[in-house]
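Enquirer: The following block contains a protein sequence and its predicted model.
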Amino acid sequence: MAAEAHDLIPEIRRGKIYRDVYEKRSPDRPALGEAFLERARAVDGVLDFGGSGARSRAFRDGVFLLEIPAEIDVSAGDAFACQFYEGPVAAPYGRFRDLGSDHFGDPLLGFHQRINQIEQFLLERRFWAGVYPPEITDLGESLTRLSRQVLRSVLSAVGIPERDWRRATGGCSQCAGSYHLTFNHYRPAHEDIGLSSHKDDGFLTILRTTAPGLEVSREDHWETVPAEPDCFIVNFGLSMEILTAGSRMPVAAIMHRVARQQDDRSSFGHFSSSGCLPGEDEGIYRYVHSGGLERVCGSRELIDENDYEIYAGTDAPDRPHTPDSSGSPHSSGAPESPGAPDSPHAPDSPGGSGTPDAPGRAEGRPIAKDVRR
């Protein structure tokens, strides 16, 4: 069982994370139909899919719809997402366009325009209360609590002992992980894909969108995700896939993208990742039924390697290849991205794309997610 579980874990190394899905990542592969996603609701802190079969399919797909709890008001988040990029003339949220990375002393935070159609405003949790208006901070904290409910329900269902939850999730099972609240706008005048295909690096992403555009890769083809205004879209990331690969019910990290947008499109997302604040790195673990938790890599390592893959392109790095001076393979199909130093993780992520060498993410720096979708 341990050997089989290890085989299911992606190799956290550039050119290896997506080794089995490079062909699927081509932006030329169109979506072939509409995705039917399983639907759940949170009842007394537990996910209710209406049956174990639906739950198993949702975990296997790596994505599902979650009815928006009555106590969470998304209206302020919708308004912020539709206005943050307009500038100070647009009150009350347009002023956030002028808050760039220099304001936060971190090249990944604040307002950014990405290499795809997306532009975003993103902050990690430690900045929320001091920067976001109270209604946006309250929304972020509500989503943090909701993400804990989802995460704990998953851990219970897959059979990971509760005593291991905190270490396994880098604090997320206790609302003590790393969290990012990101607002996205897709620029129709920018001729590019909305957001390149990727998997998120964290445990889960909670996405709010009221317009179509998100696409997911299931059953060896791409599908469009219909917009359901009364639901969040929840997708699982690489940290969850790695953790649960050896459990009784492995959870997949879903590959997703945003199609080129012909009209303005806005969304916002909440990302839950293993704790990785300045001076600390909780790490990424896999669960082995017979041996408990085994550390796979550092939290920052997973983020940086995944970011490189996202921005390096969609071609397999070893096809074609030529030897470099040291004799190791060098990709001619995945060129270095021209990404600027402020490029973050993939956005409408469903969380974020990163830079090839993740500039600004030196050891001890906090990590920020860019949001896609």
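Expert: Great, that's in hand. Bear in mind the structure is a predicted one, so any value in this text is a computation, not a measurement.
Enquirer: for this structure, longest helix please?
Expert: Ranked by number of residues, the top helix in the chain under DSSP state H is helix 134-158.
Enquirer: Can you point out the buried residues in it?
Expert: Judged by neighbour count using 16 or more other Cβ atoms under 10 Å, the buried positions of helix 134-158 are 136-144, 146-155, 157-158. C-beta here means a position set from N, CA and C on the backbone, and glycine is covered the same way.
Enquirer: do the same with stretch 124-133
Expert: 124, 125, 127, 128, 131, 132.
Enquirer: Just the closest of the residues you listed to residue 292, please.
Expert: residue 125 (28.8 Å; Cβ to Cβ).
Enquirer: Tell me who's in contact with the closest residue to that closest one other than its chain neighbours.
Expert: Excluding its sequence neighbours, the residue lying closest to residue 125 (Cβ to Cβ, 6 or more residues apart in numbering) is residue 179, at 4.3 Å. Going by Cβ atoms under 8 Å, 6 or more residues apart in numbering, residue 179 touches 124, 125, 140, 144, 147, 270, 271, 272, 273.
Enquirer: Just confirm residue 179 is within a strand.
Expert: Yes. The assignment for residue 179 (DSSP: H, G, I helix; E, B strand; the rest coil) places it in a strand.
Enquirer: lowest-confidence helix or strand of this protein?
Expert: strand 329-331 (a mean of 32; mean pLDDT, DSSP states H and E).
Enquirer: Okay, and the beta partners of residue 257?
Expert: residue 215 (DSSP bridges).
Enquirer: Tell me how far the one helix or strand residue 222 maps to lies from the chain's centre.
Expert: Per DSSP states H and E: residue 222 is located in strand 221-224. Counting by Cα atoms, centre = their mean, to the nearest Å, strand 221-224 is centred 18 Å from the centre of its parent chain.
Enquirer: Run the angle between the very next helix or strand once past that strand and helix 134-158 for me.
Expert: Downstream of strand 221-224, the first helix or strand assigned by DSSP H and E is strand 231-236. Interaxial angle of strand 231-236 relative to helix 134-158 (axes from the mean of the first three to the mean of the last three Cα atoms, to 10 degrees): 50 degrees.
Enquirer: What is strand 231-236 packed up against?
Expert: Of the remaining helices and strands, those touching strand 231-236 by 3 or more Cβ pairs under 8 Å, 6 or more residues apart in numbering; DSSP states H and E are strand 63-67, strand 204-209.
Enquirer: From the contact counts, what lies against the helix or strand that comes right after that strand?
Expert: Proceeding N to C from strand 231-236, the next assigned helix or strand is helix 238-244, under DSSP H and E. Using 3+ Cβ pairs under 8 Å, 6+ apart, the elements in contact with helix 238-244 are helix 134-158, strand 284-288, helix 299-312.
Enquirer: Now do helix 238-244, average pLDDT.
Expert: Taken as a whole, helix 238-244 has a mean pLDDT of 95.
Enquirer: And stretch 11-31, by the same measure?
Expert: Stretch 11-31 carries an average pLDDT of 68.
Enquirer: Please apply the same query to stretch 93-101.
Expert: For stretch 93-101, mean pLDDT is 96.
Enquirer: Kindly report the same for stretch 248-262.
Expert: pLDDT averaged over stretch 248-262 gives 91.
Enquirer: Stretch 218-233 too?
Expert: Mean predicted lDDT for stretch 218-233 stands at 91.
Enquirer: Where does the prediction get shaky in this structure?
Expert: Residues of the chain that meet the criterion pLDDT under 70 lie in 1-10, 12-15, 18-27, 310-373.
Enquirer: Between its first and last residues, what's the separation in stretch 106-124?
Expert: 11 Å (Cα to Cα, to the nearest Å).
Enquirer: Run the chain-centre distance for it.
Expert: 14 Å.
Enquirer: Same question for stretch 198-215.
Expert: 7 Å.
Enquirer: same deal with stretch 235-242?
Expert: Per Cα atoms, centre = their mean, the centroid offset for stretch 235-242 relative to its chain is 9 Å.
Enquirer: related to what we said a few turns ago, summarise which helices and strands the helix or strand following the longest helix of the chain is packed against.
Expert: As assigned by DSSP H and E, the chain's next helix or strand after helix 134-158 is helix 165-168. Helix 165-168 sits against helix 134-158, strand 284-288, with contacts defined as 3+ Cβ pairs under 8 Å, 6+ apart.
Enquirer: before we move on, the earlier item: deepest-packed of the helices and strands packed on strand 231-236, please.
Expert: Counting by mean count of other Cβ atoms under 10 Å, strand 204-209 has the highest mean neighbour count of those, with a mean of 27.
Enquirer: just the angle between that one and helix 134-158, please?
Expert: Computed by the same axes, to 10 degrees, the angle between strand 204-209 and helix 134-158 is 130 degrees.
Enquirer: strands paired with strand 204-209, and their directions?
Expert: Strand 204-209 has its sheet partners listed here by DSSP bridges as strand 231-236 (antiparallel), strand 265-273 (antiparallel).
Enquirer: thinking again about what came up before, name every strand pairing with the strand holding residue 222 and say which way it goes.
Expert: strand 31-34 (parallel), strand 214-218 (antiparallel).
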